[in-house]
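Enquirer: Model the following, please.
(chains A, B, C and D)
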2 protein chains.
Amino acid sequence: MNKYKHISDEIRKRIKEGYYPTSRPIPDEHSLCEEFACSRMTMKKALDILVAEGLLYRKRGHGTFIIQVPNKDSEVNVISEESLGLSNLVKDKEVSSRIIAFDVQFPSAQVAEQLNIRTDSPIYRIIRLRSINNEPYVLEKTFMPTNLIPGITEEILNSSIYNHIQNTLELKIGGAHRKIRASKSNSLDQEYLGCKSDDPILEVEQVGFLNNGIPFEYSFSRHRYDRFVFTSVSISKQ
Amino acid sequence: MNKYKHISDEIRKRIKEGYYPTSRPIPDEHSLCEEFACSRMTMKKALDILVAEGLLYRKRGHGTFIIQVPNKDSEVNVISEESLGLSNLVKDKEVSSRIIAFDVQFPSAQVAEQLNIRTDSPIYRIIRLRSINNEPYVLEKTFMPTNLIPGITEEILNSSIYNHIQNTLELKIGGAHRKIRASKSNSLDQEYLGCKSDDPILEVEQVGFLNNGIPFEYSFSRHRYDRFVFTSVSISKQ
DNA sequence: TAGTGGTCTAGACCACCGA
DNA sequence: CGGTGGTCTAGACCACTAG
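Expert: Now for the predicted structure:
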């Protein structure tokens, strides 16, 4: 474990436990450096993480303070900084998958462009309905290059593709570019998500890429509007 | 201008101009340090920015590479890392505002909680229709504490609240917590956004806070589903 | 093995803030 | 003014990757 990671974990724990009073700044960087026996650059890196998470803010010449924002949610909550994979996102609930389509095709021009492959390079096409506690939750259409992510089986589709990628193939996920939009529901949504014809859909279009920058997944996730909210924390630079 | 900011701007420009071939890594950090006459920590900070923007990825022991993801969009595109303010987001287009409601009230319990104020502390309540090139684009309902953001006038509402905050009040915006969801359109949406009764809405709920961590704005922005997409880049922290 | 990026140090100077 | 955080340096050692 990196030193800065260890420090940020410890300070995050303290903040959540109420160890530091919110009325005053937390100890200054110099004192924290002494306590944790590190240089100021390392402490800064540790605190940077908590600032990026929206837990702290800094004020030059004044100090470092705790931000408290209420965050109570019954809806499933996706944080844009989170790693990927529904199965890992809601660990305490039962996630099940129903395969609606699973085949190999040549990609359309649009899919090939997003995955940065040729149109004669085959892809998996996967459509799954994913449910949480047996409530339909999201309809996912996924395209993945067969040569990059080989060995997809129905068994894997019934559990977690991300675990297959990370554990079996031992690939590391680098991140994703996402677009979130509202959409009208179509007949597929209505059939599988059980929504009404005038229910809106929250669609997340995503290009996922490995830690080597290669796109491995192009997907469209269509969510019931009443069971999903996308959460994003943004911190201005400077 | 900070040195690392200047360097990241220059390298970003080079990437977008195709100065560096995408088939090979960009020059290693040591060479870049020589070229830009800086230390490795500074160069690392500059490159960190471009990695966070999803332009670069690094591979220990191998090099730093350019990620290319197509990004062509007719829709207006909000990047979650962007600073705030519609007027500043679409500079080349004409943004106009129509005031639908503007008064001072005591906040509801929900609004008071989000703004971290008491229910006897007055707030502005503002409802505006904002249009781009005379096309209705978003219906914004905004709550702001009057003592924190004083001096709001109709004239300001017709231009930009964010410019008032940053230029006149000389406050600095720290960031925002956002929730994005799909919603059914209501009669207000239909009247002002000109959408049909079965058109969905993309709603962005936002708590904006200053760089001192104090919430200054709680807002609901309701967007036409066919003219708005929310974009998010997320990078895994291994 | 050579070269890459990842982390960390011990200091330095500066910009900003409150008293 | 003293104390805070922001930036920057010139190194060091380590972990990982390719050939």
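Enquirer: all strands of chain A, in order?
Expert: A:56-59, A:63-66, A:76-79, A:95-105, A:123-132, A:135-145, A:173-184, A:200-210, A:215-224, A:228-235 (DSSP state E).
Enquirer: JSON lines for these, including distance to DNA strand C, mean pLDDT and mean neighbour count?
Expert: Where C-beta positions appear, they are placed from N, C-alpha and C, glycine not excepted. Converted to JSON lines, the strands of chain A look like this (distance: least, CB to the nearest atom of the strand, whole Å; pLDDT from 0 to 100; neighbours: other CB atoms under 10 Å in any protein chain shown):
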{"stretch": "strand A:56-59", "distance to DNA strand C": "6", "mean pLDDT": "86", "mean neighbour count": "20"}
{"stretch": "strand A:63-66", "distance to DNA strand C": "9", "mean pLDDT": "90", "mean neighbour count": "18"}
{"stretch": "strand A:76-79", "distance to DNA strand C": "21", "mean pLDDT": "44", "mean neighbour count": "17"}
{"stretch": "strand A:95-105", "distance to DNA strand C": "31", "mean pLDDT": "91", "mean neighbour count": "14"}
{"stretch": "strand A:123-132", "distance to DNA strand C": "30", "mean pLDDT": "92", "mean neighbour count": "20"}
{"stretch": "strand A:135-145", "distance to DNA strand C": "25", "mean pLDDT": "92", "mean neighbour count": "21"}
{"stretch": "strand A:173-184", "distance to DNA strand C": "11", "mean pLDDT": "86", "mean neighbour count": "22"}
{"stretch": "strand A:200-210", "distance to DNA strand C": "15", "mean pLDDT": "90", "mean neighbour count": "22"}
{"stretch": "strand A:215-224", "distance to DNA strand C": "20", "mean pLDDT": "92", "mean neighbour count": "22"}
{"stretch": "strand A:228-235", "distance to DNA strand C": "18", "mean pLDDT": "76", "mean neighbour count": "20"}
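Enquirer: Tell me the residue of chain A that sits nearest chain B?
Expert: Using CB to the nearest CB, residue A:200 is the residue of chain A that sits closest to chain B, at 3.0 Å.
Enquirer: In contact with the residue nearest to that residue when sequence neighbours are not counted: list those residues for me.
Expert: Sequence neighbours aside, residue B:200 is the residue nearest to residue A:200 in space, at 3.0 Å (criterion: CB to CB, 6 or more residues apart in numbering or on different chains). Neighbouring residues of residue B:200 by CB atoms under 8 Å, 6 or more residues apart in numbering or on different chains: A:182, A:183, A:184, A:200, A:201, A:225, B:182, B:183, B:184, B:185, B:225.
Enquirer: Can you tell me how far residue B:200 is from residue A:199?
Expert: Noted for residue B:200: a distance of 8 Å to residue A:199, by CB to CB, to the nearest Å.
Enquirer: Over to residue A:115?
Expert: Counting by CB to CB - residue A:115 and residue A:199 are separated by 31 Å.
Enquirer: quick one: which of the two has more around it?
Expert: Per other CB atoms under 10 Å in any protein chain shown, whichever of residue A:115 and residue A:199 has more neighbours is residue A:115, with 23 against 19.
Enquirer: these two touch, right, the more buried one and residue A:209?
Expert: No. Contact criterion CB atoms under 8 Å: residue A:115 and residue A:209 do not qualify, at 9.6 Å.
Enquirer: who touches both of the two?
Expert: Shared contacts of residue A:115 and residue A:209 (CB under 8 Å, 6+ apart): A:215, A:216.
Enquirer: mind listing what residue A:26 touches?
Expert: A:11, A:15, A:20, A:32, A:56, A:63, A:64, A:65, A:66.
Enquirer: pLDDT wise, what is it at?
Expert: The per-residue pLDDT reported for residue A:26 equals 94.
Enquirer: how close does it get to DNA strand D?
Expert: Taking CB to the nearest atom of the strand, to the nearest Å as the measure, residue A:26 falls 7 Å from DNA strand D.
Enquirer: May I have the beta-bridge partners of that residue?
Expert: Applying DSSP bridges to residue A:26 yields these beta-bridge partners: residue A:64.
Enquirer: before we move on, back to that, export the strands of chain A as TSV, with columns for distance to residue A:190.
Expert: TSV is the format used below for those (distance: least, CB to CB, whole Å):
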stretch	distance to residue A:190
strand A:56-59	45
strand A:63-66	46
strand A:76-79	21
strand A:95-105	14
strand A:123-132	12
strand A:135-145	10
strand A:173-184	10
strand A:200-210	10
strand A:215-224	11
strand A:228-235	16
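Enquirer: Where do the domain boundaries of chain A fall?
Expert: Listed by automatic domain parsing, the domain ranges of chain A are A:3-66, A:76-231.
Enquirer: Quickly note the distance from residue A:144 to residue A:112.
Expert: 13 Å.
Enquirer: For the closest residue to residue A:139 other than its chain neighbours, which residues are in contact?
Expert: Leaving aside its sequence neighbours, residue A:139 sits nearest to residue A:222 (CB to CB, 6+ apart; 4.6 Å). By CB under 8 Å, 6+ apart, the residues touching residue A:222 are A:138, A:139, A:140, A:141, A:183, A:185, A:189, A:193, A:201, A:202, A:203.
Enquirer: can you tell me which residues contact the second one?
Expert: By that I understand residue A:139. Neighbouring residues of residue A:139 by CB under 8 Å, 6+ apart: A:100, A:127, A:128, A:129, A:130, A:188, A:189, A:192, A:193, A:221, A:222.
Enquirer: From what I see, residue A:43 and residue A:7 are in contact.
Expert: Yes. Using CB under 8 Å as the test, residue A:43 is close enough to residue A:7 to be in contact (6.7 Å).
Enquirer: Give the residues shared as contacts by the two.
Expert: With CB under 8 Å, 6+ apart, residue A:43 and residue A:7 have common neighbours A:32, A:36.
Enquirer: Which single residue of chain A ends up nearest DNA strand D?
Expert: At 2.7 Å from DNA strand D, residue A:61 is the closest residue in chain A, using CB to the nearest atom of the strand.
Enquirer: Give the burial count for that residue, as a bare number.
Expert: Neighbour count for residue A:61, taken as other CB under 10 Å: 4.
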